[in-house]
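1. Mind looking at a prediction? Sequence and model below.
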Amino acid sequence: MAKIRLMHAKLHRVRVTEANVNYVGSITIDRDLMDKVGILPLEEVDVINLNNGKRWSTYAIPGEAGKKGICPNGGAALLCQPGDILIVIAYEECDRAEVLSQGHQAKVLVADENNCCQEFILQSLIADGDKLQFQQTSS
């Protein structure tokens, strides 16, 4: 069976609150933000810095819930600074035939300048015969 990789979760425009080069690695993300989009602790994520275009892969570690912290750690701390705007994306491997027959849904949180949820978006692939329809709904 053919496998494809699809986005299932995205934190869009979160701001770096701290960068800790002395930590072993990863990116620490407020637990509430992770839970809202479904990013699991230790899950691999891609991180894109909108301020300088740098992109890296790492894994997510839950930070204290409600603090709205975003902290790249280890070497990634050298790729950003507090105030930088990031996109954090998590993917999942899916069976292509299942996606074509059952669809897929991704959760996107668009953050405000304080890392609070400004908008929550569901991006869906809806099975429609032999095609997929893309639908986006926000709240």
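-> Everything's here; your move.
2. Off-centre distance for the helix or strand of the chain with the lowest mean pLDDT?
-> Least confident helix or strand of the chain, by mean pLDDT, DSSP states H and E, is helix 96-102 with a mean of 92. Distance of helix 96-102 from the chain centroid (Cα atoms, centre = their mean, to the nearest Å) equals 23 Å.
3. Repeat that for stretch 65-82.
-> With Cα atoms, centre = their mean, you get 14 Å for stretch 65-82.
4. Over to it now: how far is its first residue from its last?
-> Stretch 65-82 has an end-to-end distance of 19 Å (criterion: Cα to Cα, to the nearest Å).
5. how about the helices in the chain?
-> Along the chain, counting by DSSP state H, helices occupy 31-37, 96-102.
6. what's next to the least confident helix or strand of the chain, contact-wise?
-> Contacts with helix 96-102, where a contact means Cβ atoms under 8 Å, 6 or more residues apart in numbering, come from Met1, Ala2, Lys3, Ile4, Leu6, Leu125, Ala127, Asp130, Leu132. C-beta here means a position set from N, CA and C on the backbone, and glycine is covered the same way.
7. could you redo the last one with a cut-off of 6 Å?
-> The contact list for helix 96-102 (Cβ atoms under 6 Å, 6 or more residues apart in numbering) reads Ala2, Ile4, Ala127.
8. Redo the helices of the chain as TSV? Include mean neighbour count.
-> Putting these into TSV (neighbours: other Cβ atoms under 10 Å) gives the following:
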stretch	mean neighbour count
helix 31-37	20
helix 96-102	13
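9. Figure out which of those helices is closest to Cys116.
-> Among those, the nearest to Cys116 by Cβ to Cβ is helix 31-37 (9.2 Å).
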